[in-house]
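Asker: generate coordinates for the sequence data below:
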Amino acid sequence: MSRDMSLFEPVRVGSLVLPNRVVMAPLGRARAEPASREPSASVATYYVQRATAGLIVSEATHISAESVSRPGTSAIHSAGQVAAWRRVTDAVHAAGGRIFQQLFHLGRKADPARVPSGRLPGAPSAIAAVGEFSTPAGPRPFPIPRALELAEIPGVVSEFAFAAQNAQRAGFDGVEIHGANGFLVDQFLRDGANQRSDRYGGPIENRARFLLEVVDAVSAELGSDRVGVRISPHATSDGSRDSAPHALYAHVAKELSVRNLAYLHLIEPVGTPANDQLGRTVRRAFNGPLILCGGFDNASARVALAEGRADLIAFGVGFIANPDLALRLQLDAPWNPPDPTTFYSGGDRGYIDYPFLNPA
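Answerer: Next up is the predicted model:
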């Protein structure tokens, strides 16, 4: 199959038929309003510029005021946030695009100073993440979180469901549950962060329970064909490791498969050693559309699709610097280089001013 017939042929993803298989990966850019966490007019411009992607997945969006970190990250738990996101989705749809909202809870990686309740962040277990987070006084180590009480967990699941309702009110075509990168769902999944002894800890089936309850609650609101899930088996730098990743993610993929989701989104970096790769394990267990993400370029994306390792390819940094990345992929044109110093700068420079191939 040729590149154009693979990357640029339509594909059904849940209730949508996408015009191509190029996905804009979720990219936190810290451009929301600092106090309200509402997306600004520049956020709408940013996504509209990239509306030629087959599917846009929004930046990770907080489901709760108890899940907050640095200013500029967006949220979807207030009426003002819903209204501001509605302006973004309306603009994307007017430009011919499709957009899912990524929903997440930071869990143990929340900033205690910004949590309204004043309590320590909640997590599966009282185990601190490895590393530091940004504060006005400079970087600080992640705190030791408090272990969520068993009675608290249904409330967090309900927060995901409420956020999904808000995403629907805001006009999103669907939602992606963020089960990756060491945030709360991922913390429950992996035994490096989850050492509970109740029904949410211990065996793989128990550790996957929180994710599946979130998926079921969100699907009850939107329909499963408007729900995707993102996982990152190889992201371990913050201590979110697992002792048996192949078994864990085979189980997760199998359970998600029977739920008839829109897609499963797997982060597996290009160049992952063969013995560590989980893509084929996930592919065998999950029968729906599979998105792969992890530093792909035109050539490696073409190979992954031609070999049947994925149905769609997500691009992250490529979309930061190339609003017309889909066209550049189609024409095999050069990519603009990104400026990492502006990834989280908070202004329009390095956000909505990257050049298009055709300035018109």
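Asker: after the lowest-mean-pLDDT helix or strand in the chain, which helix or strand is next?
Answerer: Taking mean pLDDT, DSSP states H and E as the measure, the chain has helix 3-7 as its least confident helix or strand, at a mean of 63. The element immediately downstream of helix 3-7 (helix or strand, assigned by DSSP states H and E) is strand 11-13.
Asker: paired strands for that following strand, with orientation please.
Answerer: Its sheet considered, strand 11-13 pairs with strand 16-18 (antiparallel) by DSSP bridges.
Asker: got the contact list for residue 158?
Answerer: Remark: with contacts taken as CB atoms under 8 Å, 6 or more residues apart in numbering, residue 158 is in contact with residue 217. All C-beta spots, glycine's among them, are computed from the backbone N, C-alpha and C.
Asker: check which helix or strand it maps to.
Answerer: The secondary structure element spanning residue 158 is helix 153-169 (assigned by DSSP H and E).
Asker: next secondary structure after that helix?
Answerer: As the chain continues past helix 153-169, the following element, by DSSP H and E, is strand 174-179.
Asker: what sits up against the next helix or strand after that next one?
Answerer: Using DSSP H and E, the helix or strand that directly follows strand 174-179 along the chain is helix 184-189. Residues outside helix 184-189 that contact it (CB under 8 Å, 6+ apart) are 67, 104-108, 123-124, 156, 177-180, 193-194, 200, 207-211, 214, 231-232, 235, 240, 242, 248, 252.
Asker: just those: which are in helices?
Answerer: With helices taken from DSSP state H, the overlap with the contacts of helix 184-189 comprises 156, 207, 209, 210, 211, 214, 248, 252.
Asker: pretty sure the fourth one sits against residue 157.
Answerer: Read that as residue 210. Yes - between residue 210 and residue 157 there is a contact at 7.4 Å, judged by CB atoms under 8 Å.
Asker: between these two, who's got more neighbours?
Answerer: When neighbours are counted by other CB atoms under 10 Å, residue 210 comes out ahead of the other of residue 210 and residue 157, with 26 against 17.
Asker: run through who's touching the top strand by length along the chain.
Answerer: Determined from DSSP state E, the single longest strand within the chain is strand 55-62. Taking contacts as CB under 8 Å, 6+ apart, the residues outside strand 55-62 that touch it are 13, 16, 18, 23-29, 37, 47, 50, 68, 73-77, 92, 97-106, 163, 172, 176, 178, 183, 228, 230, 265, 312, 314.
Asker: would you list the buried entries among those residues?
Answerer: With neighbours counted by 16 or more other CB atoms under 10 Å, the contacts of strand 55-62 contain buried members at 13, 16, 18, 23-29, 37, 47, 50, 68, 73-77, 92, 97-106, 163, 172, 176, 178, 183, 228, 230, 265, 312, 314.
Asker: from residue 173, how far out is residue 16?
Answerer: The spacing between residue 16 and residue 173, counted by CB to CB, to the nearest Å, is 6 Å.
Asker: now do the shared contacts for the two.
Answerer: In terms of CB under 8 Å, 6+ apart, residue 16 and residue 173 are both contacted by the residues residue 98.
Asker: for the stretch 1-150 of the chain, which spans come out with low pLDDT?
Answerer: Filtered on pLDDT under 70, the stretch 1-150 of the chain yields the residue ranges 1-5.
Asker: quick one, helices of it?
Answerer: 3-7, 41-49, 79-94 (DSSP state H, counting those that start in this stretch).
Asker: so where do the strands sit in the stretch 201-350 of the chain?
Answerer: Counting by DSSP state E, counting those that start in this stretch, the stretch 201-350 of the chain has these strands, from start to end: 227-231, 263-267, 290-293, 312-315.
Asker: okay if I get the ones you listed as JSON lines plus distance to residue 338 and mean pLDDT?
Answerer: Listed next are those as JSON lines, based on distance: least, CB to CB, whole Å; pLDDT from 0 to 100:
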{"stretch": "strand 227-231", "distance to residue 338": "21", "mean pLDDT": "98"}
{"stretch": "strand 263-267", "distance to residue 338": "18", "mean pLDDT": "98"}
{"stretch": "strand 290-293", "distance to residue 338": "16", "mean pLDDT": "98"}
{"stretch": "strand 312-315", "distance to residue 338": "12", "mean pLDDT": "98"}
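Asker: reformat these as TSV; add distance to residue 282.
Answerer: Output for the strands of the stretch 201-350 of the chain, formatted as TSV (distance: least, CB to CB, whole Å):
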stretch	distance to residue 282
strand 227-231	8
strand 263-267	5
strand 290-293	7
strand 312-315	14
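Asker: of all these, which one comes closest to residue 7?
Answerer: strand 312-315 (7.0 Å; CB to CB).
Asker: hey, where'd the helices end up in the stretch 201-350 of the chain?
Answerer: Under DSSP H, counting those that start in this stretch, the stretch 201-350 of the chain gives helices at 204-207, 209-222, 245-257, 279-285, 298-306, 317-321, 325-331.
Asker: quick one: buried residues of stretch 211-219?
Answerer: For stretch 211-219, burial by neighbour count (16+ other CB under 10 Å) applies to 211, 213, 214, 215, 217, 218, 219.
Asker: for the closest residue in space to the last one that isn't next to it in sequence, list each beta-bridge partner.
Answerer: I take that to be residue 219. Counting by CB to CB, 6 or more residues apart in numbering, residue 227 is the residue found nearest to residue 219 once chain neighbours are left out, at 5.2 Å. Taking DSSP bridges as the rule, residue 227 bridges to residue 175.
Asker: ok, residue 227 - contacts?
Answerer: Residue 227 is in contact with 14, 164, 174, 175, 176, 177, 215, 218, 219, 261, 262, counting by CB under 8 Å, 6+ apart.
Asker: nearest to residue 280 among these?
Answerer: residue 261 (19.3 Å).
Asker: list the contacts of that closest one.
Answerer: Under the criterion of CB under 8 Å, 6+ apart, the neighbours of residue 261 are 14, 215, 219, 224, 225, 227, 228, 229, 288.
Asker: perfect, I'm done here.
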